[in-house]
Structures are given as structure tokens and as C-alpha cells.
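> Got a sequence here, can you build the structure:
(one chain, ligands or ions: 2)
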Amino acid sequence: MTKVLIAAISPVMDAIERTVATVSQAQVVGTTDSVREAIDYCSQERLDAIIVDETLLIDSWGLTDRLSRADCPVILVIEKASAESARRALAMHAADVMTTDALPTLLPALLQRLHPQDTNQEIVHRIIGVYSAKGGVGKTTLAVNLAWNLAKLSGKSTALVDLDLQFGDVGPMVHDHPDVTIQELVEGSPKTIEPDKLARSLIGVDRLPLDLLLAPINPQYADAVESHHVRDIVTHLKASHVYTVCDLSSGLTEQNLSAMDMADVILLLATPEMITLRTVQRSLKVLGTLYPADGKIRLALNRADSGVSKEQIQEFLGLPVTYWMPSGGVTPVRSANSGKPLVVVDPGNVLAQAIENVAKALIEEFEGQSRKTARKEQV
Ligand SMILES: Nc1ncnc2c1ncn2[C@@H]1O[C@H](COP(=O)(O)OP(=O)(O)OP(=O)(O)O)[C@@H](O)[C@H]1O
Ligand SMILES: [Mg+2]
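Ligands and ions are numbered 1, 2, ... in the order given. Below you'll find the model as predicted:
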């Protein structure tokens with residue numbers, strides 16, 4: 001059954017209800033005149049679609065932004081086509097947009113399309129840590145561009161957390177002068193992190209279902225973020241976001257280990273220089289003992305087209321190279337200087353493409369796994 005929630009007011013509400021009633025495998029699980037209520041409902045219950053009356057969104061770009069991060073498709077119903085409505089539909093990543101008059105023609109087919117897809121799909125929530133014991137090897141470049149791609153390609157809610165607490169530079173790379181960071185979240189050393197306060201500390205990214213939690217601006221506040229805070233933050237983000245990417249610092253600190261404990265995958269970054277490989281090897285001894293599960297620690301080779309060969313690296317570290325990223329020339333540095341991610345500034349760059357492939361592989365793996373689990377449960 002396709003479960004639908006309607007957020008609308010009369011007469012649009014009546015028109016939508018009448019149309020949904022004509023679709024045998026669709027069921028209206030609730031109606032409301034509050035978009036906020038609809039979004040809250042969607043975060044708690046499995047829904048196949050929210051149908052939203054545009055009238056409820058007039059003058060509220062905040063709600064439009066929240067809808068863009070909803071975990072289910074949003075269908076926007078408008079009175080008549082206009083540039084403003086098109087912008088709104090784009091901003092909320094609407095699955096479809098239709099006028100009230102077109103409802104009887106377009107909505108039934110759309111609901112039928114949503115039906116088989118969603119009955120086979122269970123939403124997976126995954127944590128990906130990006131780590132290297134060596135500084136300057138491209139952790140933040142990978143974390144930022146990976147998060148961007150996961151959000152864009154999957155269309156699912158994604159969070160990027162800068163856990164390089166002393167010198168984190170996700171902010172300068174993508175969002176200068178943040179008005180809120182993790183520092184405000186842990187102010188007063190709370191025993192636990194409240195999900196509401198965490199939600200208020202996230203910075204949304206325009207036109208993407210992506211939220212950022214940035215590191216403190218001044219390094220002296222790094223110690224205020226304790227390992228139990230990190231555990232709480234990652235736990236809450238795992239519940240509210242489908243993908244969470246953590247950019248970690250180079251030390252094997254308590255905070256890093258808290259995040260790594262919770263991670264499904266740790267992308268261990270190395271570059272093909274012996275000095276870096278030796279450091280990575282030493283950290284791998286510890287990580288391999290802490291996380292012996294097959295496939296949790298995966299080697300990602302950056303600037304892979306130079307220096308020590310892939311075969312020698314695999315032999316030296318005793319770990320296969322799972323992801324391969326070449327040198328992107330000067331553009332990655334230029335993009336970092338411009339405060340925009342490489343995948344935005346130059347999506348055709350070889351490094352941008354390689355990171356896009358990492359994201360595609362992870363989405364395929366995670367979402368493929370969830371489809372298999374869901375099918376098994378149905379048998
Ligand atoms: N494959 C690549 N090709 C070209 N430039 C790259 C590549 N990977 C990273 N860089 C550049 O190298 C610099 C360091 O990268 P980045 O900041 O991502 O490393 P990091 O591991 O996060 O460093 P830190 O340990 O200081 O946090 C950046 O200017 C980045 O643009
Ligand atoms: Mg970094």
C-alpha cells in the first residue's frame with residue numbers, strides 16, 4: 001500500500017483526497033493543514049509520499065528547505081504554473097509538481113510508480129568516517145566532496161560533521177563565517193546532547209539535502225567537545241540522516257575513536273609516499289585490532305597516480321586499495337580557496353569524478369543491501 005500524507009487546505013485538500021481515493025493501492029494515512037506537522041510525521045513513520053498544497057508554503061522558505069530534507073518524496077500541488085512555483089519545487093527537491101486541475105490525470109500514475117519501489121525499500125542509515133594518521137593527505141577534500149555527492153546522487157538526507165575539532169576546515173572549504181558550530185552545541189558541558197539543540201546547530205546547504213555541523217572556530221574550544229558528546233551527536237545524526245560523513249583529525253583521540261566505533265565504514269586515506277605509508281601502517285595496527293570486521297576499514301589512495309605503486313602499497317599495508325583518487329592538479333586547491341567544493345566548481349575534474357565514483361559505489365552497496373534485506377523479510 002502506498003502511504004500518503006496530505007498537507008493542504010480546502011478546496012485543494014478535497015481535490016487531492018478525491019483523487020487519491022481513486023487509486024486502489026494508495027491510502028491516506030493523515031491530513032493536516034500544517035507542513036511542520038507533516039514533516040515531523042514523516043521523520044517518525046514510514047511514508048511513501050507527502051502531498052503539499054503550495055498555499056501553505058507562501059512566504060515560508062524555511063519550510064521549503066525542511067521539506068527538501070524529508071525522508072520521503074514530496075509532491076507539490078500548485079494553483080497555476082509560475083516561475084516562483086518552479087523555484088519552490090526545485091528548492092524542495094519535489095518528486096513532482098502538478099496543478100490542482102491536473103491532479104486526476106497525473107497523480108494516480110505517480111502514486112502507482114511510487115508503490116513498487118518503496119515496498120521493496122527499507123531506508124538504511126550509514127556512518128562513514130574519513131581518517132588518516134597523516135595530516136594533509138586529503139581527508140577534508142574527500143569528506144566534503146563525498147558528502148556533497150551522497151546528498152546529490154541519493155537525494156537522501158546527509159550530514160557532514162567536522163570532527164577535526166582543533167583545526168577543522170570544512171567551514172572555510174564550503175561555508176565561511178558560520179554563525180553556529182559544534183562549540184555552541186556543547187556549551188556548558190551538557191551530560192547529553194539534545195536532538196533539538198543538535199538540529200539547531202546544523203547549517204543547511206542550498207538546494208541539497210545536506211546539513212553541516214562545523215568545528216569550533218577557535219582551537220581552544222576543541223577540548224570542550226568530549227567523546228560522549230561525539231557519541232551522542234553521531235547517534236542522533238544516524239537517526240535523522242540517511243548518510244553521515246565524519247571528517248576526522250589525524251590523532252587516535254577519544255573523540256575520533258567514539259566516531260569510528262559507530263562508523264559502518266572507515267575510509268583510511270593514504271598517499272603513495274613511504275613516509276605517509278609508514279604512519280598509516282602504524283595506525284592500522286591499532287585500528288585493525290579495534291575493528292577487525294571485514295570491510296569496515298577500507299583503504300582509499302589519494303594522489304594515486306604518483307609514487308609507490310598500488311601493488312607495493314597493498315603488500316606493505318596488507319590491505320587492498322578499495323578506492324583510487326588521482327591528482328586533481330591545481331583545481332582542488334583553487335576550489336578550496338574559493339570556499340566551494342571541487343564537485344561544484346569543476347565536476348569534470350578527475351579527482352571530482354573519482355570521488356563521485358566512491359559515492360556511487362557506497363550508495364549502490366548500502367541501498368542494494370537494504371533492498372536485499374527487505375526482499376528477504378517479505379519471503
Ligand atoms: N588528489 C588531489 N589533487 C590535488 N590536490 C589535492 C588532492 N587531494 C587534496 N588536495 C589538496 O591538498 C590540500 C590538503 O588537502 P586536505 O585539506 O583535504 O587534507 P587533510 O588531510 O584534510 O589535511 P589536514 O590534516 O590538515 O586536515 C588541499 O589544498 C587540497 O585541495
Ligand atoms: Mg582536514
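
> Distance of the residue of the stretch 1-150 of the chain found nearest ligand 2 relative to Pro209?
Of the stretch 1-150 of the chain, the residue with the smallest distance to ligand 2, taken as Cβ to the ion, is Thr140 at 3.3 Å. Every residue, glycine included, has its C-beta placed from N, CA and C. The spacing between Thr140 and Pro209, counted by Cβ to Cβ, to the nearest Å, is 21 Å.

> Which of these two has more residues huddled nearby?
Each of Thr140 and Pro209 had its neighbours counted (other Cβ atoms under 10 Å), and the higher figure belongs to Pro209 (26 against 23).

> wait, what's in contact with that one?
Shown here is Pro209, whose contacts under the criterion Cβ atoms under 8 Å, 6 or more residues apart in numbering are 68-69, 93, 151, 155-158.

> Not counting stretch 180-189 itself, show me its contacts.
Residues contacting stretch 180-189 (Cβ under 8 Å, 6+ apart): 161-162, 165, 171, 193, 197-198, 200-201, 203, 213-218, 221, 224-226, 229, 233.

> Just the buried residues of that stretch, please?
The neighbour-count criterion (16 or more other Cβ atoms under 10 Å) identifies 181-183, 185-186 as the buried residues of stretch 180-189.

> Stretch 282-299 now?
Buried residues in stretch 282-299, counted by 16+ other Cβ under 10 Å: 283-284, 287, 291, 296-299.

> Show the average pLDDT along it.
Confidence for stretch 282-299, expressed as mean pLDDT, is 94.

> Start and end of that stretch, how far apart?
Taking Cα to Cα, to the nearest Å as the measure, stretch 282-299 stretches 14 Å from start to finish.

> near ligand 1 at all, it?
No - counting by Cβ under 6 Å from any ligand atom, ligand 1 is not contacted by stretch 282-299; separation bottoms out at 13.2 Å.

> Equivalent analysis for stretch 358-370, please.
No - counting by Cβ under 6 Å from any ligand atom, ligand 1 is not contacted by stretch 358-370; separation bottoms out at 12.3 Å.

> Could you tell me which residues of the stretch 201-350 of the chain lie near ligand 1?
By Cβ under 6 Å from any ligand atom, the part of the stretch 201-350 of the chain that sits against ligand 1 consists of 250, 302-303, 325, 327-328, 332-333, 336.

> scratch that, the stretch 51-200 of the chain
When proximity is defined by Cβ under 6 Å from any ligand atom, the stretch 51-200 of the chain lies next to ligand 1 at 132, 135-141, 164.

> For my notes, please list these in CSV and give secondary structure and distance to Arg113 for each entry.
Rendered in CSV, the data for these read as follows (DSSP: H, G, I helix; E, B strand; the rest coil; distance: Cβ to Cβ, whole Å):
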residue, secondary structure, distance to Arg113
Ser132, coil, 43
Gly135, coil, 48
Gly136, coil, 47
Val137, coil, 44
Gly138, coil, 40
Lys139, helix, 40
Thr140, helix, 39
Thr141, helix, 38
Asp164, coil, 43
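
> May I ask which of those has the most neighbours?
Of those, Thr141 is surrounded by the most neighbours, 26 neighbours in total, counting by other Cβ under 10 Å.

> Without its sequence neighbours, what residue ends up closest to that one?
Beyond its immediate neighbours in the sequence, the residue positioned closest to Thr141 (Cβ to Cβ, 6 or more residues apart in numbering) is Pro332, lying 5.8 Å away.

> roughly how far is the host helix or strand of that neighbour from the heart of the chain?
Secondary structure from DSSP states H and E places Pro332 in helix 331-338. From the chain centre to the centre of helix 331-338 is a distance of 22 Å (Cα atoms, centre = their mean, to the nearest Å).

> repeat for stretch 296-310
Taking Cα atoms, centre = their mean, one finds stretch 296-310 lying 24 Å from the centre of the chain it belongs to.

> List the contacts of that stretch.
Counting by Cβ under 8 Å, 6+ apart, stretch 296-310 makes contact with 137-138, 141-142, 263-274, 277, 284, 287-288, 291, 313-314, 316-317, 319-327, 358, all of which sit outside it.

> Report how many residues lie close to the residue nearest to Thr141.
Tallying neighbours of Pro332 according to other Cβ under 10 Å, which is how burial is gauged here, yields 20.

> cool, Asn337 as well?
10.

> what's the distance between it and ligand 2?
Computed with Cβ to the ion, to the nearest Å, the distance linking Asn337 and ligand 2 is 15 Å.
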